[in-house]
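**Student:** need a 3D model of the sequence below.
(one chain, ligands or ions: 2)
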Amino acid sequence: MVTTHNLGFPRTGFKRELKFALEAYWKGQSSLAMLEQVGTELRARHWRDQAGLDLAPVGDFSFYDQVLDMSFMLGNLPTRVRDFHGEQLDNYFRVARGRSAAVAEENTGCCGGVAAGEMTKWFDTNYHYIVPEFDAETTFTLDASRLLSQLDEARKQGIRTKPVIIGPITYLALGKAKDGSDKLDLLPRLLPVYARLLDALAQTGAGWVQIDEPVLVTELDASWQNAFVQTYQALDTRRVKLLLATYFGQLRENLALVSRLPVQGVHLDTINAREEVAELVKTSPPDRIISLGIVNGRNIWKTDLEATLDWLEPVAKLLGDRLWIAPSCSLLHVPVDLAAEEKMDAEISSWLAFAVQKLDEIRVLALALDRGRSAVTSELVTNRAALDSRHSSPRVNNPDVKKAIAAITESLGRRMSEFGARAAKQAALLQLPLYPTTTIGSFPQTREIRLARSQFKSGKIDEGTYKATMRREIEHAVREQEKLGLDVLVHGEAERNDMVEYFGEQLEGYVFSQNGWVQSYGSRCVKPPILFGDISRPKAMTVEWISYAASLTDKPMKGMLTGPVTILNWSFVRDDQPRSASCFQLALAIRDEVLDLEKAGIRIIQIDEAALREGLPLRKSQWQDYLTWAVEAFCIAANGVADETQIHTHMCYSEFNDIIAAIAAMDADVITIETSRSDMELLDVFETFNYPNQIGPGVYDIHSPNIPTEAQMVTLMEKANERIPAQRLWVNPDCGLKTRQWNEVIPALVNMVRAARTLREKSA
Ligand SMILES: Nc1nc2c(c(=O)[nH]1)N[C@@H](CNc1ccc(C(=O)N[C@@H](CCC(=O)N[C@@H](CCC(=O)N[C@@H](CCC(=O)O)C(=O)O)C(=O)O)C(=O)O)cc1)CN2
Ligand SMILES: [Zn+2]
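**Tutor:** Numbers count the residues shown, from 1 in each chain. Ligands and ions are numbered 1, 2, ... in the order given. Down below sits the predicted model:
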């Protein structure tokens, strides 16, 4: 009999119950007990959703982030929060979100403000984790209380459980040694704590433990490979059985390593590494469990059940009871339940599977393996019909789009003149001061804005009323920016639910969901739009809003678009053509929008490519191919404009050391980037590379509620100026301000504008 299991389930709830419970608790509107209660209910519901599986995960639930949970379980708290003497969960949130001294004083009367832990993306997903902090002095102590009590909870519910933890090597690899020490030196201190954790799990009667080591799909040097051997030999106590889980890619040169490790089971992501199944089976010990991830945990398409059975049946015959099946990775990256979609086009929804439906597929496949395909005839017939309908749908294929793609030539992606010539024309036209100030695009998405949009979507207010409300918000943002004295204004993005979903909603070839929420970080979620067909732009998408904003002021108004690579990387995309093909289609649509904005008299156009870096393949050997098409797509979108039109781009994660040539090839006139937390050190590479264009290094961290002072920002810009001449520097925040409140934004920007004035005076 094949064993069915799951690696992880989405935890926010299909109505985002966890988000609302967290935010109410943070605002002081509800108690810790109420928050814990919501957590308990969500876990119980989600285990019920997984009840048909042989083994359900425990430990995948988190109030903020599973990596931060691991840091707390291992007693690895940043030194700055160790003196806290309130509730442990409050301390956990302090690390996750930071706490300003004023708020700390008001709420607890103790333990001042602290900086938030650094947040970064989880492999190549749009999920963000809190980076573990290490130094040479780091020690570990076990606190498994939360995991153990959740196991107890699940067992009381009659669930067959499989605790899930992050493996020691991945945990170390994902963290940062603040003092530059070698993280692997910590292994001798870390392993005994993991051993104790496994013992504690064994004591509760846990048979299997899933130990996630996704770093195994990345390139590992010899010392990290050796660490794997050392670690799993040390943890081979045989008191629990270890299922070593790998996902998001191929094992390649690490496959031999995995085969040698003394673990009782290995999970392989066969969506990405099907060709490695045979080799893994062949080289694994004869009693090892082989878990195959056969349903894609990263997208929302129905699995081709017959095609899966075609290759899986022989493997099942070979493995017998040693075969486990599961989704390819945790289902954290897909929405919960398609049944919650009431408005989605019926034809298209028949092509889709969210988390609950994916687990149904696992059950059907297990039945087919155990009892033969005839046991699931009707499921296979329905599945075939859905796939056929998708493949042959005229809505998927648009010959006009194919023609436009075929007509792309190299010149489409090139500006008319070199940067120097363009910069001179733009300077003459825009007449900006030295150190021009601007913001990244969004202003606070207030409760009023979201409420109006939700009333419009549910039909409680009409389009006219909704648009008038958004226009008032835009006018408000413009007036505030004028009062602040900013040089280049933005309209504030009030009308956008999300920078990617908004464009998805307006492009042909996309559908979007009502409740398809996926956690991005903490309480923040996105509803990735679903790219199902050839992309075209029926009409201009932003021109009306931007023109309205521009009409309100004499200052330059930046047009604001999301670039093709970011739209692609933050959408659910087609699996029936290469990502690059979808990206070029998006590029042509955005290009048309850029040209329409230019025609409407907009002189500065920003095209955000926040996700360009995060789309990099996990293996460096594949980077160049990706960068080539990604940069070309951006250039096609951006570079059709006249010399006088200034193109900006924005990127959040600014570790550009290894991709600076690609950044330069994008040839944006101005790039605004996230640098404030790195003390401008991230600019070193722009200096050494002689990056020629203009740069706006972010001078304040928008992820923190702290108000930066004028002096801090002047100091940061002076550091920037040590690397880049003042003539090429802009002054701006790190990223958009949508998650902040107006009462945080205004004082911060007042100080930022003052900082720019001081810098001008100093250099006069
Ligand atoms: N796609 C994407 N990925 C990204 C980013 C990004 O901006 N977009 N930024 C980086 C960080 N990630 C982020 C992800 C989400 C959010 C975020 O703010 N999300 C919002 C939801 C945005 C949204 O879709 N809003 C909708 C729905 C708003 C809503 O909650 N409405 C209420 C009703 C209104 C109310 O009473 O509040 C409801 O539907 O129940 C809208 O504005 O229309 C949230 O979680 O709160 C921010 C950053 C990296 N990845
Ligand atoms: Zn950003």
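**Student:** my guess is residue 545 contacts residue 491, does it?
**Tutor:** Yes. In this structure, residue 545 is within contact of residue 491 by C-beta atoms under 8 Å, at 5.9 Å. Glycine gets a C-beta too; all of them are placed from N, C-alpha and C.
**Student:** what's the overlap in contacts for those two?
**Tutor:** Counting by C-beta atoms under 8 Å, 6 or more residues apart in numbering, the common neighbours of residue 545 and residue 491 are residue 474.
**Student:** with neighbour numbers in mind, choose between the two.
**Tutor:** Using other C-beta atoms under 10 Å as the criterion, residue 545 and residue 491 rank with residue 491 on top: 30 against 22.
**Student:** which residues does the more buried one contact?
**Tutor:** Shown in contact with residue 491 (C-beta under 8 Å, 6+ apart): 474, 477, 478, 545, 546, 548, 549, 557, 560.
**Student:** relative to residue 150, how far out is the fourth one?
**Tutor:** With distances defined as C-beta to C-beta, to the nearest Å, the gap from residue 545 to residue 150 amounts to 46 Å.
**Student:** can you check the last one too?
**Tutor:** From residue 560 across to residue 150, the span is 43 Å (C-beta to C-beta).
**Student:** from the stretch 451-600 of the chain, which residue is nearest to ligand 2?
**Tutor:** The stretch 451-600 of the chain approaches ligand 2 most closely through residue 499 (9.0 Å), counting by C-beta to the ion.
**Student:** so how far is stretch 76-92 off the chain centroid?
**Tutor:** Centre-to-centre, stretch 76-92 and its host chain are 26 Å apart (C-alpha atoms, centre = their mean, to the nearest Å).
**Student:** buried set for it?
**Tutor:** Buried positions in stretch 76-92, judged by neighbour count with 16 or more other C-beta atoms under 10 Å: 76, 77, 78, 81, 84, 89, 90, 91, 92.
**Student:** mean confidence (pLDDT) on that stretch, please.
**Tutor:** What stretch 76-92 shows for mean pLDDT is 91.
**Student:** quick one: end-to-end distance for it.
**Tutor:** Stretch 76-92 has its terminal residues 11 Å apart, counting by C-alpha to C-alpha, to the nearest Å.
**Student:** over to the residue nearest to residue 571 when sequence neighbours are not counted: give its phi and psi.
**Tutor:** Sequence neighbours aside, residue 531 is the residue nearest to residue 571 in space, at 4.7 Å (criterion: C-beta to C-beta, 6 or more residues apart in numbering). Dihedral angles of residue 531 (phi, psi; degrees, to the nearest 10) stand at phi -90, psi 110.
**Student:** now do residue 531, the pLDDT please.
**Tutor:** pLDDT recorded at residue 531 is 98.
**Student:** tell me the contacts of it?
**Tutor:** With C-beta under 8 Å, 6+ apart, residue 531 has these contacts: 504, 509, 510, 568, 571, 572, 573, 574, 582.
**Student:** ok, those residues vs residue 495, which is closest?
**Tutor:** Comparing these against residue 495 with C-beta to C-beta places residue 504 closest, at 14.3 Å.
**Student:** what sits against that closest one?
**Tutor:** Contact analysis of residue 504 by C-beta under 8 Å, 6+ apart lists 510, 512, 529, 530, 531, 567, 571.
**Student:** try 7 Å
**Tutor:** Residues near residue 504 by C-beta atoms under 7 Å, 6 or more residues apart in numbering: 510, 512, 529, 571.
**Student:** mind putting those into JSON lines with neighbour count, distance to ligand 2 and secondary structure?
**Tutor:** Listed next are those as JSON lines, based on neighbours: other C-beta atoms under 10 Å; distance: C-beta to the ion, whole Å; DSSP: H, G, I helix; E, B strand; the rest coil:
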{"residue": "510", "neighbour count": "20", "distance to ligand 2": "22", "secondary structure": "strand"}
{"residue": "512", "neighbour count": "19", "distance to ligand 2": "22", "secondary structure": "coil"}
{"residue": "529", "neighbour count": "26", "distance to ligand 2": "19", "secondary structure": "coil"}
{"residue": "571", "neighbour count": "25", "distance to ligand 2": "17", "secondary structure": "coil"}
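**Student:** you'd agree residue 113 is up against residue 94?
**Tutor:** No. Under the criterion of C-beta atoms under 7 Å, residue 113 is not in contact with residue 94, lying 8.9 Å apart.
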